[in-house]
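Chemist: make a model of this:
(one chain, ligands or ions: 2)
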Amino acid sequence: METAMRQRGGREKNAGHDAVSTRQPAPSGMVYHHRTKIIVLLLLLLAVLARVFLWGGRVAEDPPPSLSWWQTTIIYQIYPRSYQDSDGDGVGDIRGIIQRLDYIRSLNVRAIWLSPIFRSPMRDFGYDISNYTDIDPTFGNLEDFDNLISAAHDRGIKVILDFVPNHSSDLHPWFQLSRQGVAPYKDYYVWTSPGEPPNNWLSLFRGPAWTLDSVRGELYYHAFMVQQPDLNWRCAQLVEEMNNVLRFWMSRGVDGFRVDAIQNMFETENLSLNEPPSGDPDVEKDSWYSLRHDYTFDLPEIGGAVRRWRDVLNEYEALDGKARYLVVETLFDNDVSIRNQYYDYGADMPFNFDLLRVNRSCGGHCIQHYVNRELGHLSQGQWPNFVVGNHDNPRVASKMGKDFVNAVNMLLLTLPGTPTTYYGEELGMSDVHVSFDQGQDLQAKGQGEEYFRKYSRDASRTPMQWNEGKHGGFTSGCVPWLPVSQTSSYENVESQTVSSQSSPLNLYRKLAVLRNEPCFQYGGLEYGVVNDNIFSYIRSTPAGESYLVTINFGHDVSIDNFADALNGVRLGEITLTTGNLKSGKYHVGDKMDLYQLELYPGEGLVIKLR
Ligand code: GLC
Ligand code: MG
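Modeler: Residues are numbered from 1 along each chain as shown. Ligands and ions are numbered 1, 2, ... in the order given. Predicted structure coming up:
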């Protein structure tokens, strides 16, 4: 692991550490002798100084790895509809995000990823795009977007956009022309001859993945909603068209992309092949999970597509030397090597969603299992990452309980690699009950009231809770697009900033600062005590600081002896706590006896060892 982390060379080199050529033509005679002596003496002096410096414990590694911006920042996901409404229409917008950039900076976050803001009929809230190079009026316009880029960059914040290559909206002009058989658009989508569907393929949103189009009289394939026809990546014009989409946004200053639903991008060419049953007894029979996706998921052709995007990103990197970031959405897979292929394809990382699955029945061993699915399976040069929440999944406070919010943020921000935080998780926001009538997530509504609760993603998309005011300060309008949590009166950015030291927000900010330590940025990780309750690990660099992080994810109080894990080190100083400490024994700055460390469920400590 440690080697993997150290080997990674960022493309945006840290100029200060670039090797300087020291080769000189060898002079001759006496001059040579004299100079050599001086040089040798100087080198000796330098070596002595360097050792003193290292022993002083300040320099972590020689030379420190040069990391790219996306390796040192937290990535903060904004769901633009829900962040901040600036015009009172009840829906968040770009100007609203601009208003909140100082807040984002106060989190020590240096990169934001925006869920789609492009022109869209909003059947899937922007994941159904009808114009890839324009902003939807709900969110603003291109001028607002340019302002966002410059305001973010002024504050040292990078901007990452969502890129949705698998499908467009059925209202995109490409699809309209494709239906009419107009070249070259007729081949932009995946069509098959009229009649019965050619195979048993299913949509991720349930039901058949083929729909008959009345205009063309043929069936088209859609991995998602009927209104999200899959684009045909075997069509060369489409490939180039999408390269130009990336160029369009990079020319406007965008720093990277999150690629949506990448695993669905290719389907096998032989449409007569049925997918075999998955054998999963717990799923409805028309559920996507009832099949094994041999012909529609993770096809090797995706590799070529990613490599081409990387080339396009490199065009821009070559202009200014600044790294462009590419992260791809890979769903949980039983075989880690499948998602790790995306590193080889040229992505900086595939999202690691393992920790999304964590719930209250996942204790210390279980957390270690998930962490190790990542850390134990990366090859040299592959950079780890962890995600605990997003716009498709329940929030941490609802999966794990409020008592575990700080514990999970402590875990996320002290593990190796790049953490991604979904907006509101820094406050420990909970899922909000959204009734069928209030429901907005159309794929879930389409499945009827009976299934709505199970499939709706509305609960974790509710407005950001800024203050105790009306609608949590999200909108000055009458009706926010989704209900604001009733807890917003006491659970909000303002109250958590001024109130107790241990509010989730205050802890989040401190953890985000602590992450700047070399040992958290690129140091190794060794597991410490791990049992049904405790998950703990030591982060360190060979010559620098070293910290123990220990968290109780279980159901019982645990008293542990770290003597073996720490090779006999007995004392450490508390740097941060989850703040909910029941025993009241521990305070920041206290020296701890690590042979007898007591933690209740939901409690965690960061302890400085040296
Ligand atoms: C991704 C998005 C999800 C969207 C789907 C289809 O999984 O995260 O929100 O519905 O792709 O675009
Ligand atoms: Mg608005």
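
Chemist: hey, let's count contacts and neighbours off CA atoms from now on
Modeler: OK.

Chemist: give me the distance between residue 230 and ligand 2.
Modeler: Distance from residue 230 to ligand 2, counting by Cα to the ion, to the nearest Å: 30 Å.

Chemist: quick check: phi and psi on the residue lying closest to that residue once chain neighbours are set aside?
Modeler: Among residues not flanking residue 230 along the chain, residue 167 sits closest, at 4.1 Å (Cα to Cα, 6 or more residues apart in numbering). The phi/psi pair for residue 167 (degrees, to the nearest 10) reads phi -150, psi 160.

Chemist: contacts only, for the spatially most central residue of the chain.
Modeler: Nearest to the geometric centre of the chain sits residue 420, at 3.6 Å (Cα atoms, centre = their mean). Applying Cα atoms under 8 Å, 6 or more residues apart in numbering, we find residue 420 in contact with 74-77, 385-388.

Chemist: burial count for the residue nearest to residue 230?
Modeler: Per other Cα atoms under 10 Å, the neighbour tally for residue 167 reads 25.

Chemist: how many residues are close by residue 192?
Modeler: Neighbour tally, residue 192, other Cα under 10 Å: 17.

Chemist: need the three-state assignment for residue 386.
Modeler: Under the three-state scheme (DSSP: H, G, I helix; E, B strand; the rest coil), residue 386 adopts strand.

Chemist: so it sits against residue 421, correct?
Modeler: No: using Cα atoms under 8 Å, residue 386 is not in contact with residue 421; the gap is 9.1 Å.

Chemist: how much space separates residue 122 from ligand 1?
Modeler: According to Cα to the nearest ligand atom, to the nearest Å, residue 122 stands 11 Å off from ligand 1.

Chemist: residues in contact with residue 271?
Modeler: Counting by Cα under 8 Å, 6+ apart, residue 271 has contacts 198-199.

Chemist: go on, residue 402?
Modeler: Counting by Cα under 8 Å, 6+ apart, residue 402 touches 396, 428.

Chemist: and the residue lying closest to residue 539 once chain neighbours are set aside, what helix or strand is that in?
Modeler: Distances taken as Cα to Cα, 6+ apart place residue 525 nearest to residue 539, at 4.8 Å, with adjacent residues excluded. Per DSSP states H and E: residue 525 is located in strand 524-530.

Chemist: avg pLDDT for that strand?
Modeler: For strand 524-530, mean pLDDT rounds to 97.

Chemist: could you do stretch 594-607 as well?
Modeler: For stretch 594-607, mean pLDDT rounds to 97.

Chemist: ok, and for that stretch, which residues are buried?
Modeler: Using 16 or more other Cα atoms under 10 Å as the test for burial, stretch 594-607 gives 594-595, 598-607.

Chemist: gap between the two ends of it?
Modeler: End-to-end distance for stretch 594-607, by Cα to Cα, to the nearest Å: 10 Å.

Chemist: how far off centre is it?
Modeler: Computed by Cα atoms, centre = their mean, to the nearest Å, the chain-centroid distance of stretch 594-607 equals 28 Å.

Chemist: contacts for it next, please.
Modeler: Outside stretch 594-607, the residues within contact range by Cα under 8 Å, 6+ apart are 403-404, 406-407, 410, 533, 547-563, 569-582.

Chemist: how close does residue 301 get to ligand 1?
Modeler: 19 Å.

Chemist: I should have written residue 328 there, sorry.
Modeler: Between residue 328 and ligand 1 the distance, using Cα to the nearest ligand atom, works out to 10 Å.

Chemist: got the phi/psi numbers for that residue?
Modeler: Here residue 328 shows phi and psi, under degrees, to the nearest 10, equal to phi -120, psi 150.

Chemist: what about the strands in the stretch 501-610 of the chain?
Modeler: Taking DSSP state E, counting those that start in this stretch as the criterion, the stretch 501-610 of the chain carries its strands at 524-530, 534-540, 546-552, 558-560, 571-577, 591-593, 597-599, 604-608.

Chemist: looking at the ones you listed, which is nearest to ligand 2?
Modeler: Closest of those to ligand 2 is strand 571-577, at 38.3 Å (criterion: Cα to the ion).

Chemist: and that closest one, what's its mean pLDDT?
Modeler: The average pLDDT within strand 571-577 is 98.

Chemist: distance to residue 162 for the strands of the stretch 501-610 of the chain - can I get that in CSV?
Modeler: Listed next are those as CSV, based on distance: least, Cα to Cα, whole Å:
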stretch, distance to residue 162
strand 524-530, 31
strand 534-540, 32
strand 546-552, 33
strand 558-560, 43
strand 571-577, 34
strand 591-593, 45
strand 597-599, 40
strand 604-608, 34
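
Chemist: got those strands as CSV, with distance to ligand 1 columns?
Modeler: Output for the strands of the stretch 501-610 of the chain, formatted as CSV (distance: least, Cα to the nearest ligand atom, whole Å):
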stretch, distance to ligand 1
strand 524-530, 30
strand 534-540, 29
strand 546-552, 30
strand 558-560, 38
strand 571-577, 33
strand 591-593, 43
strand 597-599, 36
strand 604-608, 31
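
Chemist: in JSON lines, list these along with distance to ligand 2.
Modeler: Shown next, in JSON lines, are the strands of the stretch 501-610 of the chain (distance: least, Cα to the ion, whole Å):
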{"stretch": "strand 524-530", "distance to ligand 2": "44"}
{"stretch": "strand 534-540", "distance to ligand 2": "43"}
{"stretch": "strand 546-552", "distance to ligand 2": "40"}
{"stretch": "strand 558-560", "distance to ligand 2": "49"}
{"stretch": "strand 571-577", "distance to ligand 2": "38"}
{"stretch": "strand 591-593", "distance to ligand 2": "51"}
{"stretch": "strand 597-599", "distance to ligand 2": "45"}
{"stretch": "strand 604-608", "distance to ligand 2": "39"}
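
Chemist: give the PyMOL command for selecting the buried subset of the contacts of residue 420.
Modeler: Only the buried entries of the contacts of residue 420 go into this PyMOL selection, using 16+ other Cα under 10 Å:
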select buried, resi 74+75+76+77+385+386+387+388
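
Chemist: which among the contacts of residue 420 gets closest to residue 179?
Modeler: The shortest gap between residue 179 and any of the contacts of residue 420 belongs to residue 77, at 35.3 Å (Cα to Cα).

Chemist: low-scoring stretches of the stretch 401-550 of the chain, by residue?
Modeler: The stretch 401-550 of the chain contains no residues with pLDDT under 70.

Chemist: please, where are all the helices along it?
Modeler: Counting by DSSP state H, counting those that start in this stretch, the stretch 401-550 of the chain has these helices, from start to end: 405-414, 442-445, 449-455, 493-498, 504-514, 518-521.

Chemist: same check on the stretch 251-400 of the chain?
Modeler: Counting by DSSP H, counting those that start in this stretch, the stretch 251-400 of the chain has helices at residues 301-320, 336-345, 364-375, 396-400.

Chemist: looking at those, which is buried most?
Modeler: Most buried of the helices of the stretch 251-400 of the chain, by mean neighbour count (mean count of other Cα atoms under 10 Å): helix 396-400, with a mean of 21.

Chemist: with only the CA atoms kept, save that one in CSV.
Modeler: Taking C-alpha atoms only, helix 396-400 is exported to CSV below (Å, rounded to 0.1, in the frame of the first residue of the first chain):
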residue,chain,number,x,y,z
VAL,A,396,-24.9,8.5,6.7
ALA,A,397,-27.1,9.7,9.6
SER,A,398,-29.9,7.6,8.3
LYS,A,399,-27.9,4.5,7.5
MET,A,400,-25.7,4.6,10.6
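
Chemist: that'll do, ta.
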